[in-house]
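Peer 1: Here you go, sequence then predicted model.
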Amino acid sequence: MKLEEIVDMIKDMNSSGVIEYRQDNGKESVLIKKKPVVIETVEKLEGIAVPQKKLQEGIQEEEKGTNAVYIESPIVGVFHIFYDVSKPPYIRKEVRVQKGQVLCQITAMNLIREIYSPVSGYVVEILMDEGTPVEYGQKLIKIRKE
């Protein structure tokens, strides 16, 4: 069998649904196999409705009757109070923070999201430990407004 004939058979196989071709004439034997094409289908899943908060990105919630503000996680991820464990933490208890100052980080799928203070005040309590998984809307830090 000539090379041109084999090439023509391969072209014919590609244009048709044939996945295997075998020919044997006594002297020569040809076997051509084509790998089947696997088509994966992905089923569309409906998203979970997340309530929209009127607060700044859902990160603050004032405690009624006090000057306390809770900083909440805007995403699901892992809580980090350190940028690098060899450096000091972003904040500590009883330390003054400025509006816009980085308080902590939430990492999700190797993306880092910095959480900023919505108010100036003093850190009353850090509610999470380093490296703890957090949920959307979970309280992270309590700040007493000035």
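Peer 2: That came in fine, so what should we check first?
Peer 1: Now L103: which helix or strand?
Peer 2: strand 102-108 (DSSP states H and E).
Peer 1: Correction: the previous question concerned V7.
Peer 2: With DSSP H and E as the criterion, V7 is inside helix 3-15.
Peer 1: Point out the other helices and strands that that helix packs with.
Peer 2: Contact partners of helix 3-15 among helices and strands, from 3 or more Cβ pairs under 8 Å, 6 or more residues apart in numbering; DSSP states H and E: strand 29-33. In this view, the C-beta of every residue, glycine as well, is placed from N, C-alpha and C.
Peer 1: And this protein, what are its domain boundaries?
Peer 2: 3-33, 56-145 (automatic domain parsing).
Peer 1: winner for burial among those domains?
Peer 2: domain 56-145 (a mean of 15; mean count of other Cβ atoms under 10 Å).
Peer 1: so for that domain, what's the average pLDDT?
Peer 2: Domain 56-145 shows a mean pLDDT of 87 in the predicted model.
Peer 1: what about the following helix or strand past the strand holding L103, distance to the chain center?
Peer 2: Sequence-wise, the next helix or strand downstream of strand 102-108 (DSSP H and E) is strand 111-116. In this view, strand 111-116 has its centroid 13 Å away from the chain centroid, taken as Cα atoms, centre = their mean, to the nearest Å.
Peer 1: No more questions from me, cheers.
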